[in-house]
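Q: build me a structure from this.
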Amino acid sequence: MKIALFGGAFDPPHIGHKVVADSLIQNKIVDEVWFVPVFKHPWADRYGKQQLTDYDARVKMLNLTAESIKNSKKIKVEHFKEVSFTYDTLKYFSERLPQHEFCWVMGSEYLDRFDDFLKGHPRLIDFTFYIYPRAGYQLNESLRKPNMIFLTDMPEVTASSTEIRKLIKEKQPVKKLLLSSVLKFIQENNLYF
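A: The predicted structure is shown next:
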C-alpha cells in the first residue's frame with residue numbers, strides 16, 4: 001500500500017488540509033493519507049513555532065478533520081512523538097511497516113527550503129515527495145528535485161493556520177476556512193483567543 005505522510009503543526013487544521021488529503025485519495029495518487037502532527041517542531045525558533053497549541057487538542061481537531069473526509073477510512077492520524085524531522089518520521093514509519101511504501105506530501109511554500117532539509121538529511125532524496133500547490137508559492141521547476149512530483153492539477157490551498165489564529169484573536173470570521181466541527185472545538189476550548 002502507498003501511504004502519504006502529511007506532517008505539520010496543524011495549529012489549527014483547516015479546510016486546505018482536508019482538500020489536500022481528499023485530493024490525494026480521490027485522484028488515486030496514494031492509497032491512504034496519514035496526518036502526522038508535529039510533537040516537537042524542529043524549526044521552532046526559525047519559523048516562530050515555539051508556542052504550539054497543546055498536542056492533544058491538535059490531534060482531536062485532526063481527528064475531526066479526518067472524519068469529515070469522504071473516504072475517511074483511508075485517512076488516519078498517526079503519532080511520532082519525537083522532534084519531527086521529516087526524514088526521521090519517514091524512516092520511523094518505513095522501518096516499522098516495511099510492507100508499505102511511504103512518501104511525503106508538502107505544500108509548495110516549502111520548495112525553497114528543501115535544500116536546507118537535504119543538508120540535514122541527504123537521504124530524503126530516497127523518498128517521493130508530492131508537492132501540493134499553495135496560493136502565492138509557485139511550483140517552481142528550478143527547485144524541483146528528482147524525487148518530487150508536482151501536483152499541478154489540484155485545487156490550490158489558500159487557507160493558512162497562522163492567518164486563522166490571527167483572525168480568531170481579532171474576532172474576525174473564519175467560518176469559510178475551518179470545518180464547522182473544528183470551529184466548534186476551538187470555541188468550546190477557548191483556543192486562539
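
Q: strands along the chain, start to end?
A: 2-8, 32-37, 75-77, 101-107, 129-132, 148-150 (DSSP state E).

Q: got JSON lines for those strands, with mean neighbour count and mean pLDDT too?
A: Backbone N, C-alpha and C define where each C-beta goes, glycine included. Shown next, in JSON lines, are the strands of the chain (neighbours: other CB atoms under 10 Å; pLDDT from 0 to 100):
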{"stretch": "strand 2-8", "mean neighbour count": "21", "mean pLDDT": "97"}
{"stretch": "strand 32-37", "mean neighbour count": "23", "mean pLDDT": "97"}
{"stretch": "strand 75-77", "mean neighbour count": "20", "mean pLDDT": "96"}
{"stretch": "strand 101-107", "mean neighbour count": "21", "mean pLDDT": "98"}
{"stretch": "strand 129-132", "mean neighbour count": "24", "mean pLDDT": "98"}
{"stretch": "strand 148-150", "mean neighbour count": "16", "mean pLDDT": "98"}
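
Q: these: which one's closest to R113?
A: Proximity to R113 (CB to CB) singles out strand 101-107 among the strands of the chain, at 9.4 Å.

Q: just the CA trace of that closest one, in CSV.
A: Taking Å, rounded to 0.1, in the frame of the first residue of the first chain, the C-alpha atoms of strand 101-107 are listed here in CSV:
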residue,chain,number,x,y,z
GLU,A,101,5.6,2.4,0.6
PHE,A,102,5.8,5.7,2.4
CYS,A,103,6.0,9.1,0.7
TRP,A,104,5.5,12.7,1.9
VAL,A,105,3.1,15.4,0.9
MET,A,106,4.0,19.1,1.4
GLY,A,107,2.9,22.5,0.2
